[in-house]
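S.K.: below: sequence and its predicted model.
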Amino acid sequence: MASQRDKMIRASEIVGRLMDNIVSHEFEQCRKHIPTGVECYMKQYGVTKQEAYDELNKKIVNAWKDINQECLKPTQVPMPVINRALNLARVEDLAYKDGDEYTHVGKLMKDLIPLMLIDSVSI
């Protein structure tokens, strides 16, 4: 039971961390901030920025496969717990898919927050 829960949580963490690292890489370099995952990957494996992006994106795809696999097979972990990890990954994907909407809130987030929290759909 613990290993499946850990796999879901770990996969959700990978989605968020790596997507954030890819979209905020340039911004973080300008800030002279700590090295991002992209920079660490480039240094460790001696690859270009684009190669690092490609490899990190593969890890994101594999994390989504793990999440989907864990959601589809019968488990002892209650579905509400699995849904929490799934929803975390969904929000991270939304926040970092087309840029860093978490750090630099744009129209997408400004439109979605009221839709989710204020203008909810009745069931």
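M.R.: That came through, no problem.

S.K.: find the nearest non-adjacent residue to the residue most central in space within the chain, please.
M.R.: What sits nearest the mean C-alpha location of the chain, by CA atoms, centre = their mean, is Gly16, with 2.3 Å. Of all residues not flanking Gly16 in the chain, Glu92 sits nearest, at 3.5 Å (CB to CB, 6 or more residues apart in numbering). Glycine gets a C-beta too; all of them are placed from N, C-alpha and C.

S.K.: lowest-confidence helix or strand of this protein?
M.R.: helix 107-117 (a mean of 73; mean pLDDT, DSSP states H and E).

S.K.: hmm, back to that, next, the angle from the helix or strand that the residue nearest to Gly16 is a member of to helix 107-117.
M.R.: Assessed by DSSP states H and E, Glu92 sits inside helix 79-96. Between the axes of helix 79-96 and helix 107-117, defined by axes from the mean of the first three to the mean of the last three CA atoms, to 10 degrees, the angle is 150 degrees.

S.K.: I'd guessed the residue nearest to Gly16 sits against Met19; true?
M.R.: Yes: assessed by CB atoms under 8 Å, Glu92 is found in contact with Met19 at 6.2 Å.

S.K.: now the helix holding Glu92: buried residues?
M.R.: Ile82, Ala85, Leu86, Leu88, Ala89, Val91, Glu92, Ala95, Tyr96 (16 or more other CB atoms under 10 Å).
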